[in-house]
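J.: Fold the following for me, if possible:
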Amino acid sequence: MTFGLLLPGAGESEIFSIINDQLLKQSEAGKFNCLWEGATASNADIRRELIETCCDNYIKKGVNGIFFSPLERVANADEINIRICDKIEKAGIPLILIDRDIYNFPKRSNFDIVCLDNFSAGCIMAQHLIDQGCTHIHFFYRPDSANSVNMRLSGIKEMVQQNKLPFDTNNVHCGNPENINFVKQMQIISGKTGIICANDSTAAVLMSTLTDIGLQISEDLLICAYDNMKYSMHLKHSLTSFKQPCEEIANVSVELMFRRINRINAFPVTVNLAGEIVIRDSSKFG
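T.: Residues are numbered from 1 along each chain as shown. Purely as a prediction, here's the structure:
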């Protein structure tokens, strides 16, 4: 068996690099062969150009299956992702989607999906901030983020409302965390505000911007994010983050691939895996 890896996010996020490496380890253990053409450049536009070429090459080589983590952070990512999946499906090659679907919930593709339980992760992070004394919760994400961000937002909204706290469009912010004027639009109630960022990279930049406008992390507000990148513990205020089960995502993806190969017409399944919150200074009031 030979499988192709299409994990363009490995050029930007550690989580995809870990998943990619674990798939390669599975290959080295003798379960299958891997083709990896490295569509993992740090620049999103370069990844966009590489990803379809890699897909076409895998199809030409007649691989037995493809692992695909949909492209994000480029304006036409959804269109590209759908086009890639259509190509693979028409070629009759089993496909496992990693990290997210190609459609926004509640629409569902016909492919197997392995991912973090993003709704639960949103609930857990919101409840953590509420337990720390936050009564005013914001969610911050960048434009063209993956649709998994929407599931995290849904979980946050659900938990905030369960605690009978306000949460509406004024609490959701889609923009550039470097933009001081945009960041200033957030209502910060000192000692009562918590900000949840879609990922660690957004949080790291936002923390710097908040400091520039005179706000103090752990005094005026708390902040946390997702992915538990290595640098998160080394920021000026070590960042509370949600750790994804990356190795297990890879392992389950392999199991689903063999299931799909053995039962090509099986109903598509979604496997939502639990992660864990890693609590650090950024989500504790001093």
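
J.: Could I get the contacting residues of I279?
T.: H128, T240 (C-beta atoms under 8 Å, 6 or more residues apart in numbering). (Each C-beta comes from the backbone N, C-alpha and C, glycine too.)

J.: Using CSV, list the CA coordinates for the worst-scoring helix or strand of the chain on mean pLDDT.
T.: Within the chain, no helix or strand scores below helix 44-61, which has a mean of 84 by mean pLDDT, DSSP states H and E. Provided in CSV are the C-alpha atoms of helix 44-61 (Å, rounded to 0.1, in the frame of the first residue of the first chain):
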residue,chain,number,x,y,z
ALA,A,44,0.3,30.3,2.3
ASP,A,45,0.2,31.5,-1.3
ILE,A,46,3.1,29.1,-2.2
ARG,A,47,1.2,26.2,-0.5
ARG,A,48,-1.8,27.1,-2.5
GLU,A,49,0.2,26.7,-5.7
LEU,A,50,1.9,23.5,-4.6
ILE,A,51,-1.1,21.6,-3.2
GLU,A,52,-2.9,20.9,-6.4
THR,A,53,0.3,19.9,-8.2
CYS,A,54,1.0,17.4,-5.4
CYS,A,55,-2.5,16.1,-5.6
ASP,A,56,-2.3,15.6,-9.4
ASN,A,57,1.0,13.7,-9.0
TYR,A,58,-0.4,11.4,-6.4
ILE,A,59,-3.4,10.6,-8.7
LYS,A,60,-1.0,9.9,-11.7
LYS,A,61,1.1,7.6,-9.5
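
J.: What's the first helix or strand after it?
T.: strand 65-68 (DSSP states H and E).

J.: What strands line up against that following strand, and which way round?
T.: Here strand 65-68 has these sheet partners by DSSP bridges: strand 2-6 (parallel), strand 95-98 (parallel).

J.: which one of these lies closest to L235?
T.: strand 95-98 (27.5 Å; C-beta to C-beta).

J.: can you pull the buried residues of that closest one?
T.: L95, I96, L97, I98 (16 or more other C-beta atoms under 10 Å).
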